[in-house]
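J.: Let's see this in three dimensions:
(2 chains)
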Number of protein chains: 2
Amino acid sequence: MRYTDINGCIFTQIQNKMNEVLLSALNNRYATKKFDATKKIPIETVDALIEAIRLTPTSYGLQLMKVVLVQDQALREALVSHAFGQRQIADASHLLILCREKEANASHINDYIENIADTRSIHVDNLIGFKNMMHNTVLKMTPSEQEDWMKKQVYIALGNLLTSCAVLGVDACPMEGFMPAAFDNVLGLQDMNLASVLVIPIGYRAEDDKNATIKKVRRPLPEFLVKI
Amino acid sequence: MRYTDINGCIFTQIQNKMNEVLLSALNNRYATKKFDATKKIPIETVDALIEAIRLTPTSYGLQLMKVVLVQDQALREALVSHAFGQRQIADASHLLILCREKEANASHINDYIENIADTRSIHVDNLIGFKNMMHNTVLKMTPSEQEDWMKKQVYIALGNLLTSCAVLGVDACPMEGFMPAAFDNVLGLQDMNLASVLVIPIGYRAEDDKNATIKKVRRPLPEFLVKI
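T.: Alright, predicted model coming up:
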């Protein structure tokens, strides 16, 4: 995926083609209002999308989030009424809920430090400075500050997921419009120390989804980009 | 970019190859600590990345954000000291600042409604319900709620940008660790009604960046994914 080190003509062409493919994928994506309930995403692709989310960079690398894959169709039907009747919750091929941890605590930091030590074969003593720094920032936040901070990290995962879906030709409908407390209750998330942040049905657009063909509205480039 | 409608063997192979290419790109990306200051991203690719950001989905589609491309090298050097001495600010090929609007007001909503009407050739009167809904939510938020809400949308753009960079073979270093007030001051952002949220130098890794080769640390899949 790096064509830029070599300035030969073929590589420039490949780079330009990649740019074109990416922008074509991003232009093709949209918030899918109606999914084709008969079309299922291949399991290998669902796995790849979940792995893509897991690879999302987060603040300090702490990843205070989890992905919930709701497979129980009765539960998915039960969630529709807590998301203003949006049928995508039940009709899409798969339903993902991006969750944050209910709170960030010392045990998350310890687990992370041990994970770094294991993964990179180093001693935890060499990570004491990093560990203390996280203690002094993350554990000093108020509950409300922690919540906001963790939510923002989940939004990075959302941006990554939506672009990953676009590149893999999968449709999605990111939703902030749902009742988190009801979702947490129906899915039993509180017992897992989780809180729902974003709901993302993924699958394939229905042929008659009108939203698929209406023009995308964006701020014009001169109003969006500032060069200094 | 949609291979899934046809279940022939070749298409399954293409889909699986796309999954592999995406995950390879995401595994290859990392927070670049040292850029090669001599390597420049082709302008077509910079333009593509800015266009990718512009295509980011946001709440209601309002896009209360802008991208600042800092081209003045003296300004980039001046910003280093306001980002804890991180040289990537000055050394990377290009420097992007993702900004939010200072506040969300009725004029943003009006401009957006007019943009929808123009883009889709419909009359603004047909958008009155949508307009009122945005008035009743966005303009009822406190300044602090507006700020949090706008910031979260900027984090979607970050996730999109980092994945887009990965797919195009461009390295990046997302930064929350900088002094926003100082950045706003140096770049004169307040006069543009903007506030800096995230700083992202982009370019190509230096050959001796040790961070390029250390193992990525992530929560193991069984701890990250919950199936219900």
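
J.: Give the burial count for the closest residue to chain B within chain A, as a bare number.
T.: When distances are taken as C-beta to the nearest C-beta, chain A reaches nearest to chain B at A:G159, 2.3 Å away. Where you see a C-beta, it was placed from the backbone N, CA and C, and this is true even at glycine. Summarising burial for A:G159: neighbours were counted as other C-beta atoms under 10 Å in any protein chain shown, giving 26.

J.: a helix runs through it, doesn't it?
T.: Yes: under the criterion used here (DSSP: H, G, I helix; E, B strand; the rest coil), A:G159 sits inside a helix.

J.: With just CA atoms, put the strand ranked longest in chain A into CSV.
T.: Across chain A, the longest stretch assigned as strand under DSSP state E is strand A:194-203. Taking only C-alpha atoms (Å, rounded to 0.1, in the frame of the first residue of the first chain), the coordinates of strand A:194-203 have been written out as CSV:
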residue,chain,number,x,y,z
LEU,A,194,-20.6,-1.1,29.2
ALA,A,195,-22.6,1.8,27.9
SER,A,196,-23.9,2.0,24.3
VAL,A,197,-22.6,5.0,22.4
LEU,A,198,-23.4,4.4,18.7
VAL,A,199,-25.6,1.9,16.8
ILE,A,200,-24.5,0.8,13.3
PRO,A,201,-26.6,-1.6,11.3
ILE,A,202,-24.5,-2.9,8.4
GLY,A,203,-25.6,-4.8,5.3
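
J.: thinking again about what came up before, how about the spatially closest residue to the residue of chain A closest to chain B that is not a sequence neighbour, what does it touch?
T.: The spatially closest residue to A:G159, leaving aside those adjacent along the chain, is B:G159, at 2.3 Å (C-beta to C-beta, 6 or more residues apart in numbering or on different chains). B:G159 is in contact with A:56, A:155-163, counting by C-beta atoms under 8 Å, 6 or more residues apart in numbering or on different chains.

J.: and which of those residues is nearest A:A83?
T.: Proximity of the contacts of B:G159 to A:A83 was ranked by C-beta to C-beta; the top entry is A:L158 with 16.0 Å.

J.: isn't the closest one right up against A:I97?
T.: No: at 11.5 Å, A:L158 does not count as touching A:I97 under the criterion of C-beta atoms under 8 Å.

J.: can you list residues touching both of those two?
T.: Common neighbours of A:L158 and A:I97 (criterion: C-beta under 8 Å, 6+ apart): A:198, A:200.

J.: any idea how chain A splits into domains?
T.: For chain A, the domain assignment from automatic domain parsing gives the residue ranges A:1-30, A:34-104+A:141-207.

J.: where's the longest one relative to the chain centroid, distance-wise?
T.: Yep, that's domain A:34-104+A:141-207 we're talking about. Centroid separation for domain A:34-104+A:141-207 versus its chain: 7 Å, with C-alpha atoms, centre = their mean, to the nearest Å.

J.: And for stretch A:117-137?
T.: For stretch A:117-137, the separation from the chain centroid amounts to 27 Å (computed by C-alpha atoms, centre = their mean).

J.: Could I get the contacting residues of A:D209?
T.: Residues touching A:D209, when contacts are defined by C-beta under 8 Å, 6+ apart, comprise A:32-35.

J.: let's see 6 Å
T.: By C-beta atoms under 6 Å, 6 or more residues apart in numbering or on different chains, the residues touching A:D209 are A:33-34.

J.: how much space between the residue nearest to A:H94 when sequence neighbours are not counted and A:S164?
T.: Excluding its sequence neighbours, the residue lying closest to A:H94 (C-beta to C-beta, 6+ apart) is A:I202, at 5.2 Å. Between A:I202 and A:S164 the distance, using C-beta to C-beta, to the nearest Å, works out to 10 Å.

J.: Settle it for me: which of these two has more neighbours?
T.: Applying other C-beta under 10 Å to A:I202 and A:S164 shows that A:S164 carries more neighbours, namely 31 against 25.

J.: so A:I228 touches B:V70, yeah?
T.: Yes: using C-beta atoms under 6 Å as the test, A:I228 is close enough to B:V70 to be in contact (5.3 Å).

J.: out of the two, which sits in the more crowded spot?
T.: Neighbours around A:I228 and B:V70, counted as other C-beta under 10 Å, are more numerous at B:V70. The numbers are 23 against 16.

J.: Got phi/psi on the more buried one?
T.: Per-residue torsions, B:V70: phi -90, psi 110 (degrees, to the nearest 10).

J.: Count residues in the vicinity of A:Y60, would you?
T.: Applying the criterion other C-beta under 10 Å, we find 16 residues in the vicinity of A:Y60.

J.: now swap in the one 5 residues further on and tell me
T.: By other C-beta under 10 Å, the residues close to A:M65 number 25.

J.: ok, now A:F84?
T.: The number of residues near A:F84, taken as other C-beta under 10 Å, comes to 11.

J.: With A:N16 instead?
T.: A:N16 is surrounded by 15 other residues when neighbours are defined as other C-beta under 10 Å.
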